[in-house]
Structures are given as structure tokens and as C-alpha cells.
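Novice: give me a model of this one.
(chains A and B)
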2 protein chains.
Amino acid sequence: MVKRVWSTDLGRLQGETARVCGWLHRKRELKNLVFLTLRDARGLAQAVIEDQALMEFAKKLRTESVVAVEGRVFGSAEAAGGVEFRDPSIEVIAEAESPAPLDISKKEIGAHQSTILDHAALALRHPAERAKFGLSAITMASFRRFLAGEGFTEIQTPKIVGSATESGATVFKLDYFGRPAYLAQSPQLYKQTMVGVFERVFEVGPVFRAEPHATVRHLNEYVSMDAEMGFIGDHRDIMALLSELVRTMLRDLASEGRNELALLGARLPEAPEVFPIVRFKDAQEMIYRATGEDCRGENDLAPGHEKWLGEWAAKEYLSDFLFVEGYPMSKRPFYTQPCPDDPEYSNSFDLLFRGLELVTGGQRLHRYADYLAAMSKKGIDPAIFGGYLEAFRYGMPPHGGFAIGLERWLARLLELENVRETTLFPRDIHRLSP
Amino acid sequence: MVKRVWSTDLGRLQGETARVCGWLHRKRELKNLVFLTLRDARGLAQAVIEDQALMEFAKKLRTESVVAVEGRVFGSAEAAGGVEFRDPSIEVIAEAESPAPLDISKKEIGAHQSTILDHAALALRHPAERAKFGLSAITMASFRRFLAGEGFTEIQTPKIVGSATESGATVFKLDYFGRPAYLAQSPQLYKQTMVGVFERVFEVGPVFRAEPHATVRHLNEYVSMDAEMGFIGDHRDIMALLSELVRTMLRDLASEGRNELALLGARLPEAPEVFPIVRFKDAQEMIYRATGEDCRGENDLAPGHEKWLGEWAAKEYLSDFLFVEGYPMSKRPFYTQPCPDDPEYSNSFDLLFRGLELVTGGQRLHRYADYLAAMSKKGIDPAIFGGYLEAFRYGMPPHGGFAIGLERWLARLLELENVRETTLFPRDIHRLSP
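Specialist: Just a heads-up that it's a prediction; the model follows:
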């Protein structure tokens, strides 16, 4: 038996005998001809069937059946890769049922999103879907590689936790051998604790939010790419690290994800060497002057105002990224470091990507007494967070960090409206399977 | 201000002025001298205090306080790194409380394990603890790098699932907006589904088992390093891949984790180019002949028998790794491929590492009809796994894979009895915090 090659290798095997394995992606029956397209993990390959008996056999083949195709590779001006098989031998490895609930052989699946999500096992095989999650894999690898190069150590922290919430997000509750427990809404407390051990840490893992909203921006489980770093001056050190990380991820996507980006027709964002920064208060002032909408005094930015800021940064700085820094303390979680000159505001930031929040980060408190005061102010019982607070009782440096939602990153990169499209098997208020 | 350097850089800065930042690891007060040891993310640095006023100040410093030490670097025959500071300026960045619940300045923490786990934020700062989790990070990076090099794509699959259990393990239940949901006991069904998309996939992520056992081998949440691969001949292809992966991880640990392994006094295992393989039935026969204990006919190996096999492989093959293949079908989950020649047994395997199960893997069923038959035999309602079964309805190649428990790997590597010692913040039947 000839050794299997990838569909993408066929171009340089013209005149030789080759074997490709994969799924029957598409079948086109003409009067005296059947065209078969095979799909493997790398790409597509074409076979032309002219032999009468083989045509009868090919006509009965169902798309998505797993097949091996073996034969001589011919040059072909019409075939996508410039080569094709002609009347090859075809072995059926596993037959697919028919009809399929979705047609994944066309450029677009052309079905309702709920149908696509219901049939994820099939829909994800579509080349465009596959390309999307290929980019997701490149993103994670790039995130880790960059941070490892900067001296960050990877950690894995528990997802079942004993304390309910650190930031006001709604949490999922579970029964832990008769005791109440919760699903971690973020690795925040653990990654801070680990700054006391490794100084610089990162984690890529699932986080859980029981928010009962069914919007295009909400997922109840998503992948958070977290980093935390000790011995900083202030949040600006974190912002500098993050800018460099984002630029690195974009560079890696442009090279390693070239084919995927082309297939998806993606437009890579403008990411200048220095991302523009605007202070939260100044942003509100600007929005007021430009739009007449008075959001001054509010403690967060409305989506429409984030959008306005994104457009402003694109126009003024040719940047699809914009830092907004100095959010009001009232809107930020208890561990947030206030701005030394203006303690109603914080040393925290959001990074907007094409006018939507992509990253939240900032400097954290690092002194035990500050934690006790901050928790008391927010009405949080310090006893609940005893194990975490111990890190601060026994010496912690100034530190900060950020979290990037992998799905949001992908959605902004590919300019997708609905974040569900960026998750293999999304979890939302209505969806728990597949 | 002088720029901060790592403690490990001081050796080549003799005669120059340097600044190190970190934690006051140890303090030794003599009559006319105080020795201070500072710990940063890379190592330790020593300062000698002889100045009377500075000595008074140093004596009041509490260990684990975060400090910056700045001054001239002197050569010193006695200091660990060959250099020391003498009467440097010392700046306190964050003061620690006193007394601490643990002394992490000694070679061993010397406290009960429960005390150590209760005070993880402090205990993990001990250089030996830190070294352990440094090795854990190297392992994950090596796992991913090797598989990416072999054409595997990283995936992230949901941890909240709608179907209870695929392998009989006990699962955690949670309330999902009024509906019952469960925590994923493994990414098994999703990684198989994704073979239909990428052919080769891997995932490193948390898995959850609600097993109510309090043993040294049980964790209720752990990190599973999973891989799954399509278009295999049979399980032997998976075993070959796994052997090469294990040898690569060991090589990476030996080079990148050199310092950590030395600090922990670890003995790297013998991993020959080809790991020995024994069939399950033959293993039982051997054990019976050698020990007189008749386990023939039982459907699994007892821990004592795994231990015996591990010793046998070490003696006969100079290998700390041993594959046992062909476990009885009755003991394996429904998706297991039976052995074609002997269908009571399976195309599955365990990899023993120093006489303990480290990895479980094997070939899976790939035909839809086989799934329906297997589920019917085990009394499983196929409707529960509809989204998963769709992958097989629409064509799946022969495939297989494996899962390595990160914590077990580390425990076997470092020859630790208790798997809790290999988790930053373990979850067991009694422990839910920190």
C-alpha cells in the first residue's frame, strides 16, 4: 500500500502514484463524468471519474464518507490545486448516512445559526469553520510563547472554588459532597497569589459566568487568557506588555494563519507600535463634545460610546486598538489599585479592539491593610477570602495583569457579530449541548 | 534608580552596583553581623550587614517582606552564589506580618500536609515547591510543542456538559439556569468529534471527578493532557506516538528543568527507545506464575500487580515504562474498539510509569452502527449522546488517543506518594480552599 500523503502535497507529485485519505467533501455528477472532491486536514483534492463502472460506484458514494483515493496524479488546468486523480481506485473506510442535516460543501453553510450549532459535529468540518478554530489555536500558542519568553510561568488553578464571587459576576453553584461550591468566574485570586511564587504567571483556561443574558456578546463559559506580573511601577507597565503581546499575536496570525485568514477574507487590524491611550474622564468629555450625549459622571462606557471611541482612534491614530485608562473605582472589583493622584479613579484599563472591550486589566492592591479597607468598603467579609489574603499578609510586590477573552479576540479579529461563532461548542442560557 | 537585576545575574556583576528585588527569605542574626537572604523568581542573593544602625533596622525586618536591596556586589567565598552585598541600602516595598504560620526558609517546610495546603499562598513560595510547579509548566509546554510539531491542533472544549457520564465515573452536578448539567469528566467525546475536523487534536485542561474517595491517588479536579488522532491502523500507532511524546517530555525536563530537578534530587526514569509491551492476559499469567496470586480472569489489574509489573519491566527491559495492552472490553468505556481477533478484549492500553497507571488510551469505535450496538450492550440511551453520535453518522476514520494526568506524571517523576503534592490548590473530598 502506498503511504498516505496530504492533499496539499499532490502538487509536487505529478506523474507519480499517490494515496490521499479524507472525507468526500463534494460530488458533482455530469452525464459522462463524476467529479469527486476529497477533504483532509490540510485541504482539498479532486478526482475525475470517467470509467463507467467506477462512475456507478461513485454516484452511490455519500458525501462525508471517509475514503482513501489512490492513483496517478495528473496535471490539470481546471483543478483547484493544479492536479487531479483520474479514475483512481477508491476505498470506502467509513460510510456516511444520507441525507445530512447540513450541506457543508458550499462556500457558506447557509443555515440558521441554531441549526449550525445543533449540528456542530458536521458544521465544524466546513473549511471556513475549521479555519476559524485554526486561528484560535495559533492565538493560544502565540500568547503562551510570548509570555514564556518574557519569563512568565504557566499555571493551572482550580475551577471549583469555595468562595462565591470576587467581582460581582453571577456564578454557577454546585453541590460539592454536600457543601456549596462554585465555578470559578476567573483565575484572578489564584494568579495574584502565584505572583508571590513565580512573580510572572499566565493561564489559559475556562471561566464560567452564570449571567442570564442571551445577547451576541455573552457566553456562559469561555476561554480566558490571563497574565499577572509582579514588581511593576504601575498599570502602564502592564499596558506596555499587553501592546507588545497583541502585536506579536497579530504577527504570528499573519504568518502561521496566512491560509486561514485568506480563506476567511479577514482584514488584519491596524496595530501601531504604541497604542493610543485616553483617560476615562477625558473620553467622556470628548464623547460629550462630539455627540452631545452627556455621559460625564457615569461610571462605565456604553457600547455606543466604546464604538465612537474606536472610530476616533482609527481616524486620529490609525489604530484599531485604544486603551481607556482610569475607570472609576466604584465600577471596579475590590482588588483594584486606586489612582494615587485621584483616588476616585483607578489604575485600571480596558483595551478596546475595533470599538469593543477586548481586555480588562490594571494594577492591583498589594498591601494587606489596603485589602481589608477595600473589602470593608465593598461590604465583603474578608474571612471568605482568607487563603487569598494570606498572600498579602506575607509580602506581595506591586503587581497587575489582564485577561483576554479568546472568543472576543477571534470575534473582533474576524469582525463577527456573534461571539457564539467563535466557540466550538458554545454554552449560553439556552444551549447546553452538543 | 539602578535597574533591577535577577539574583542569578549577580555573579557576573562583581564590583558593580546592582539592585535586586524580592522577598526576605531568611535572616540570621549574629552578635556583630546580620545575614539577609533575598529570594526572587530565579534564586537567592545574600547581604551581610555590619553597620550598627543598619543592623538595628535589619533585625526588625520580617521574613517574607518584599524588599529592594541595592549596593556594590562583592565576591565572597562563603556566599551561595559566590557574591554578596555588604551593608547595602534596603528599601521595604511591602512589610510581611509576623509570625508566619509556616517557616519556608528551611530545606524542608516540616509541617503536616494539611497545614501546608491550608497555607498554600505561603508554602508555594518554598524553593522546592516552586521547582515542582516549574517542572509542571515545562511538561505542559513540551506536550503541546511535540504534538503541534506532529500536526495536532489545540482545542478548547466545554467543561459544562448536558450529558452525565461516558465512562461510569461519578460526576459533579450543577444547576444550569434551572436545568441539570454536569462538569466534564474528560474531553473524550469532544476530542473524538474534533478528529472529524482537524484529524489530530489535543487539549490541556481541567477535568472533574466526583469520586468520594480520600486516597493518595485521588483528586476531584485535575489537569488532563489529552490527544486524539485519526487515520490510524490500530492502537499501536497511538502507543508509538505516546512513547515518543514521553521521551520528548523527559528530554525537555532534563534540559529546561535541570535546576529544578537538581534542587528536588529527582531521579529521571529509564525510557528506552521502545517501551516494552505486555498483553493484559499474559501479564496476569506472569503474575500468577511469579507470585502465586491468581488474578487470571479478573477484568483489571490490582495496584500491587501493577507494581509487580513495573518492577519486572525495570529488571527485564531496564524501562520505567511498560505498556499493558488488550484490557477486557467489560472494563472499558463504550467507545472502545474490541480486538479484532479476540473481541472479549480491547485495542486499548495503559502505560505504567514506575508501576503505576499514568496513561489510558486506545483505539475507538468509528462506525455509527458499532456505537449503537456498544451503547445498547452497556444499556446507554443513544439519545443522550446525540450530538456526539452525529460525528459517526457522517463519516469518521479509525482513530484513537490517550489522556495523561499532569499531576500523576509529576508524582511519578518525582516519586511522590501523594498526588495532592503535585497540585497548586488541590481539590479533594474534604478540601475546597484555598
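
Novice: quickly note the distance from A:E228 to B:M229.
Specialist: 35 Å (C-beta to C-beta, to the nearest Å). For glycine as for every other residue, the C-beta is placed from the backbone atoms N, C-alpha and C.

Novice: looking at the two, which one has more neighbours?
Specialist: Neighbour comparison, A:E228 and B:M229: the larger count goes to A:E228, with 28 against 24 (by other C-beta atoms under 10 Å in any protein chain shown).

Novice: with adjacent residues omitted, what lies nearest to the more buried one?
Specialist: Ranked by C-beta to C-beta, 6 or more residues apart in numbering or on different chains and with sequence neighbours excluded, the top spatial neighbour of A:E228 is A:G401, at 3.4 Å.

Novice: who is that neighbour paired with across the strands?
Specialist: Each beta-bridge partner of A:G401 is listed here: A:E228, A:G362, as defined by DSSP bridges.

Novice: what about it, how many residues nearby?
Specialist: Applying the criterion other C-beta under 10 Å, we find 27 residues in the vicinity of A:G401.

Novice: what's near enough to touch it?
Specialist: Residues touching A:G401, when contacts are defined by C-beta atoms under 8 Å, 6 or more residues apart in numbering or on different chains, comprise A:K191, A:Q192, A:D226, A:A227, A:E228, A:M229, A:I238, A:G361, A:R364.

Novice: do the same with A:E91
Specialist: Residues near A:E91 by C-beta under 8 Å, 6+ apart: A:V67, A:A68, A:V69, A:E70.

Novice: if we use 10 Å, what do you get?
Specialist: When contacts are counted by C-beta atoms under 10 Å, 6 or more residues apart in numbering or on different chains, A:E91 is found next to A:M1, A:R19, A:C21, A:V66, A:V67, A:A68, A:V69, A:E70.

Novice: buried sites along the helix or strand hosting A:Q284?
Specialist: A:Q284 is part of helix A:280-291 when elements are defined by DSSP states H and E. For helix A:280-291, the buried set under the neighbour-count rule, 16 or more other C-beta atoms under 10 Å in any protein chain shown, comprises A:F280, A:K281, A:A283, A:Q284, A:I287.

Novice: show me the shaky parts of chain A.
Specialist: A:168 (pLDDT under 70).

Novice: show me it divided up by domain.
Specialist: In the domain annotation for chain A, the residue ranges read A:7-94, A:127-422 (automatic domain parsing).

Novice: and the strand or helix carrying A:L122, what does it pack against?
Specialist: For A:L122, the enclosing helix or strand under DSSP H and E is helix A:120-123. Other helices and strands packing on helix A:120-123, by 3 or more C-beta pairs under 10 Å, 6 or more residues apart in numbering or on different chains; DSSP states H and E, are helix A:113-118, helix A:127-149, helix B:188-198, helix B:386-393.

Novice: now A:G82, nearest residue through space, not along the chain?
Specialist: Spatial nearest neighbour of A:G82, excluding adjacent residues (C-beta to C-beta, 6+ apart): A:G11 at 5.8 Å.

Novice: secondary structure class for that neighbour?
Specialist: The local conformation at A:G11, judged by DSSP: H, G, I helix; E, B strand; the rest coil, is helix.

Novice: name the nearest of the contacts of A:E91 relative to chain B.
Specialist: Within those, proximity to chain B (C-beta to the nearest C-beta) peaks at A:V66, which comes in at 4.6 Å.

Novice: that closest one: neighbouring residues, count only.
Specialist: Other residues lying near A:V66 total 25 when counted by other C-beta under 10 Å.

Novice: surely it touches A:E95?
Specialist: Yes - taking contacts as C-beta atoms under 10 Å, A:V66 lies within contact range of A:E95: 8.1 Å.

Novice: mind listing the shared neighbours of those two?
Specialist: Between them, A:V66 and A:E95 share the contacting residues A:L24, B:R367, B:Y394, B:G395, judged by C-beta under 10 Å, 6+ apart.

Novice: and the residue of chain A most remote from its centre, how far is that from chain B?
Specialist: Distance to the chain centre peaks in chain A at A:Q52, reaching 48.5 Å (criterion: C-alpha atoms, centre = their mean). Using C-beta to the nearest C-beta, to the nearest Å, A:Q52 is found at 26 Å from chain B.
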